[in-house]
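# fold the following, please.
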Amino acid sequence: MCSESIQNLRLRLKPRRDSSLLPIFQQGICLKIRAGLPLAAILEEAGFSRKYLEEKVQTVFLDGSALDDLDSQIVKGSSVIALSAAMPGLAGAIFRKGSPVSALRSKTSPRMNPDCTEDAMLTLRLKLFNTIAKEMGPGLLHSGILLKRSDLEDFLLSRRELLEESVLEAELDGSPVSLANLLGGKAIHSNHVVLQIIDFTPST
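Sure, this is the predicted structure:
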């Protein structure tokens, strides 16, 4: 991803249709970061305040393993970070940050890459679930999120009818593009694309 060109896709939606795109956060968005940064710093740069991380994000997974320390350094490329509010039941209690029953977790831990230097640039995948996606997703969408082209095209195809009802206009690299071309996989050619939602502006 270092030297590739990244296309920019802007969608203007009908009022109050942001929620139609929120499931994309369960699939995961891309974050490009410098190796060795603490997880909290990575997430703060992505738009999460430290207060929000401490108060609202109750469960953090790194490559499938629960993580208690937000200041853990990330030194492995292609890692998957998942953020969730409190999950119900025993599973929620076990995997919650700082849980008194954390000993019941699997003993596996995220694997790091010892050969990765702190100067290396890494690409991570960030997934958001339940109220975290609902609360943070709209703001991230309006700021712009980085996605793999294949992930975006799969997402668009899986929600074709919903998007046809929600999208008023689409613009790729500053030029109008039809939703049909986007859904048909004929418009985007770069491996990654920035998706941004533009506010609906009624005509006067």
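# centre of the chain to the strand or helix carrying residue 123, how far?
Assigned by DSSP states H and E, residue 123 belongs to strand 121-128. Going by CA atoms, centre = their mean, to the nearest Å, the spacing between the C-alpha centre of strand 121-128 and its chain's C-alpha centre is 7 Å.
# which SSE is immediately downstream of that strand?
helix 130-143.
# what's that next one packed up against?
Contacts defined by 3 or more CB pairs under 8 Å, 6 or more residues apart in numbering; DSSP states H and E place helix 130-143 against helix 24-27, strand 80-84, strand 192-198. Bear in mind the C-beta positions are built from the backbone N, C-alpha and C, glycine included.
# and that helix, how far out from the chain middle?
9 Å.
# pLDDT of it, averaged?
Mean pLDDT, helix 130-143: 95.
# now do it against strand 121-128, angle only.
130 degrees (axes from the mean of the first three to the mean of the last three CA atoms, to 10 degrees).
# angle of helix 130-143 against strand 192-198?
Using the same axes, to 10 degrees: helix 130-143 against strand 192-198 is 90 degrees.
# mind listing residues that contact helix 130-143?
Helix 130-143 has contacts (CB atoms under 8 Å, 6 or more residues apart in numbering) with 18-19, 21-23, 25-26, 29, 46-48, 52, 56-57, 83-85, 87, 128, 195-199.
# those residues, buried ones only, as a ChimeraX selection?
Remark: buried members of those, expressed as a ChimeraX selection using 16 or more other CB atoms under 10 Å:
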select :18,21,22,25,29,46,48,56,57,83,84,85,87,128,195,196,197
